[in-house]
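Trainee: just the structure for this:
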Amino acid sequence: MTTMMMAAAPRQTPSRPMSLAVVAGLACALAIGQALPLTMDTVSGALAPLCATAAESSPLDKVEPIASYPLPNVPGKRVTIVRVFYGPGGFSRPHRHAGSVTAYITKGEIRSQLGGGPVATFGVGQSFFEPPGSTHLVSANASTTESAELIAVFVADEGAQLTTFLE
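Mentor: Numbers count the residues shown, from 1 in each chain. As a prediction, this is how the structure comes out:
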C-alpha cells in the first residue's frame, strides 16, 4: 500500500517558505528549459499519453502542456510540467504515473486519494506528492459549481508513458 506524502496538511494555510520553495523549483525547471529549447511538437509528443480524452473525463476537464525538458544532470530523466483544469464536478479516472509527481493547486480545491490512503482536499497554495507507480484513485474538483486547476511537475524516464488509466 502506498502512503501519500504531503508538502502541506489538508485545509491549512501553507507557510511562506514552502510557497517560495515551490515557486523557486518551478522557476529553476523553466530556466533549465530556456537553455534546452524544444519545439511545441516535441513537447506535445512527449505529453500525448498524459492528455485525457473525452471518454476519460468531462469536456470541461483538460490537460495543457506547459513544458518538457531533459534533465542534464540526471541522464535518461525528463521533467514535464502540465496544467490540469477540472470543470465543476470534474475528475480523472483512477490512474498511475510513471515517475514522481508534485501537484500545486492554483485555483479552487482538489480532492485526492492515493492507493487506499485517506481522501484529502487541497486548496490554493497547497501541494501533494505522488511517488512513482502510486495508484491515484481520486483526482477530482471538490466543487460542483466552480472550476479548479493544478500544476503538475513530473520527473520520469525519458520516453515513459506519463499516465496510465486503470480498468
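Trainee: thought residue 79 was touching residue 155?
Mentor: Yes: between residue 79 and residue 155 there is a contact under Cβ atoms under 8 Å: 5.4 Å. (C-beta placed from N, C-alpha, C; glycine too.)
Trainee: identify the contacts common to those two.
Mentor: residue 71 (Cβ atoms under 8 Å, 6 or more residues apart in numbering).
Trainee: give me the buried positions along stretch 140-157.
Mentor: By 16 or more other Cβ atoms under 10 Å, the buried positions in stretch 140-157 come out as 140-143, 147-156.
Trainee: do stretch 75-94 as well
Mentor: Buried residues in stretch 75-94 (16+ other Cβ under 10 Å): 77-82, 84-87, 89-92.
Trainee: got the CA coordinates for it in PDB?
Mentor: Coordinates of each C-alpha in stretch 75-94 appear next as PDB, following Å, rounded to 0.1, in the frame of the first residue of the first chain:
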ATOM      1  CA  PRO A  75      20.800  11.300 -17.800                       C
ATOM      2  CA  GLY A  76      17.700   9.500 -19.000                       C
ATOM      3  CA  LYS A  77      15.300  11.600 -16.900                       C
ATOM      4  CA  ARG A  78      12.900  14.300 -18.000                       C
ATOM      5  CA  VAL A  79      10.900  17.000 -16.100                       C
ATOM      6  CA  THR A  80       7.500  17.700 -17.600                       C
ATOM      7  CA  ILE A  81       5.100  20.400 -16.400                       C
ATOM      8  CA  VAL A  82       1.400  20.500 -17.200                       C
ATOM      9  CA  ARG A  83      -1.700  22.500 -16.100                       C
ATOM     10  CA  VAL A  84      -4.700  20.300 -15.200                       C
ATOM     11  CA  PHE A  85      -8.100  22.000 -15.500                       C
ATOM     12  CA  TYR A  86     -11.200  20.500 -13.800                       C
ATOM     13  CA  GLY A  87     -14.600  21.900 -14.600                       C
ATOM     14  CA  PRO A  88     -17.300  21.900 -11.900                       C
ATOM     15  CA  GLY A  89     -17.600  18.300 -10.600                       C
ATOM     16  CA  GLY A  90     -14.700  17.300 -12.900                       C
ATOM     17  CA  PHE A  91     -12.400  14.300 -12.300                       C
ATOM     18  CA  SER A  92      -9.900  11.900 -13.700                       C
ATOM     19  CA  ARG A  93     -10.400   8.200 -13.800                       C
ATOM     20  CA  PRO A  94      -8.200   6.100 -11.500                       C
END
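Trainee: and the strands in the protein?
Mentor: Using DSSP state E, the strands of the chain run over 5-6, 62-70, 77-86, 91-92, 95-97, 100-107, 109-114, 120-123, 127-130, 135-141, 148-157, 163-165.
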